[in-house]
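Participant: starting from these lines, generate the structure:
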Amino acid sequence: MKHSLIKPMLVILVAGVGVTSCSVASHTEKAAGIDFSKYQTFAWANPGNEKKADRANNDIIDNNIKNSVSEELEKKGWIETDSNADVLLDYTVVVKRGMTRETEPVYSSPFPHYVYGRRQIYTIWYPSVLLGYHAYNVPFKEGELTVNMFDAKTNKLIWQGWAKGDINSGKITSKEATAEVKSIFKKFNYPSS
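Facilitator: All right, here's what the predicted structure looks like:
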């Protein structure tokens, strides 16, 4: 009986850890009065000559982010072009450090109480008692990816999407960046006409 419960509990534990470790919060903002039906093509504002000053100054991550964004836009009917694009795209990546306060309950050890009977000693175990809570600080790192869309003629920002998620290392990885891009473009509801 004891072993039959172990496998389902492990599955639930692994699924819970997987869901919580991939949490990405994304948001989008559209400029007022913009008609997305007149936009059909896009290009990247930084063709690659210019080096970014952010923490993810890495050609692999740069290419993966651009490819992920291009793929998501092409799914919605947009066309990538090298010249005369309707909109220009740019992105920034920032890694922030922070602290969160965690608490854990602290319990006493279970203790015995001995009752002396006629011929034998009986042991009664008293359960643990909640003594209080232990509070401590936990450092964390959060990656933020912002994708900007500019009108190519007016050079004004027409749409912005950003996502934040916990990261496991000092720099954002390609997998984390791709997850953030997908999270942002789930909320991009402007297919090309």
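
Participant: so where's the chain uncertain?
Facilitator: 1-22, 47-57, 169-171, 192-193 (pLDDT under 70).

Participant: would you map the helices across it?
Facilitator: Applying DSSP state H to the chain gives helices spanning 6-21, 59-75, 174-185.

Participant: just checking, residue 68 touches residue 178?
Facilitator: Yes - applying CB atoms under 8 Å as the test, residue 68 and residue 178 come out as touching, 4.9 Å apart. In this view, the C-beta of every residue, glycine as well, is placed from N, C-alpha and C.

Participant: what segments of the chain are strands?
Facilitator: Along the chain, counting by DSSP state E, strands occupy 24-30, 41-44, 79-80, 87-107, 111-116, 121-126, 130-151, 157-167.

Participant: turn these into CSV, including distance to residue 61 and mean neighbour count.
Facilitator: Supplementary listing: those in CSV, determined by distance: least, CB to CB, whole Å; neighbours: other CB atoms under 10 Å:
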stretch, distance to residue 61, mean neighbour count
strand 24-30, 16, 15
strand 41-44, 14, 19
strand 79-80, 19, 14
strand 87-107, 7, 14
strand 111-116, 56, 9
strand 121-126, 56, 9
strand 130-151, 10, 15
strand 157-167, 12, 20
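
Participant: now those strands in CSV, with distance to residue 189?
Facilitator: Converted to CSV, those look like this (distance: least, CB to CB, whole Å):
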stretch, distance to residue 189
strand 24-30, 9
strand 41-44, 16
strand 79-80, 18
strand 87-107, 16
strand 111-116, 62
strand 121-126, 60
strand 130-151, 13
strand 157-167, 11
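
Participant: just so I know, which of these lies nearest residue 173?
Facilitator: Closest to residue 173 of these is strand 157-167 (CB to CB; 7.2 Å).

Participant: so what strands line up beside the closest one?
Facilitator: With DSSP bridges as the test, strand 157-167 is paired with strand 24-30 (antiparallel), strand 130-151 (antiparallel).

Participant: next, count neighbours for residue 182.
Facilitator: Counted by other CB atoms under 10 Å, the residues lying close to residue 182 total 16.

Participant: and the gap between it and residue 71?
Facilitator: According to CB to CB, to the nearest Å, residue 182 stands 9 Å off from residue 71.

Participant: for residue 162, see how far away residue 24 is.
Facilitator: 11 Å.

Participant: quick revisit: among the strands paired with strand 157-167, which is nearest residue 77?
Facilitator: With CB to CB as the measure, strand 130-151 is the member of these nearest residue 77 (14.9 Å).

Participant: taking helix 59-75 as reference, get the angle to the closest one.
Facilitator: 70 degrees (axes from the mean of the first three to the mean of the last three CA atoms, to 10 degrees).
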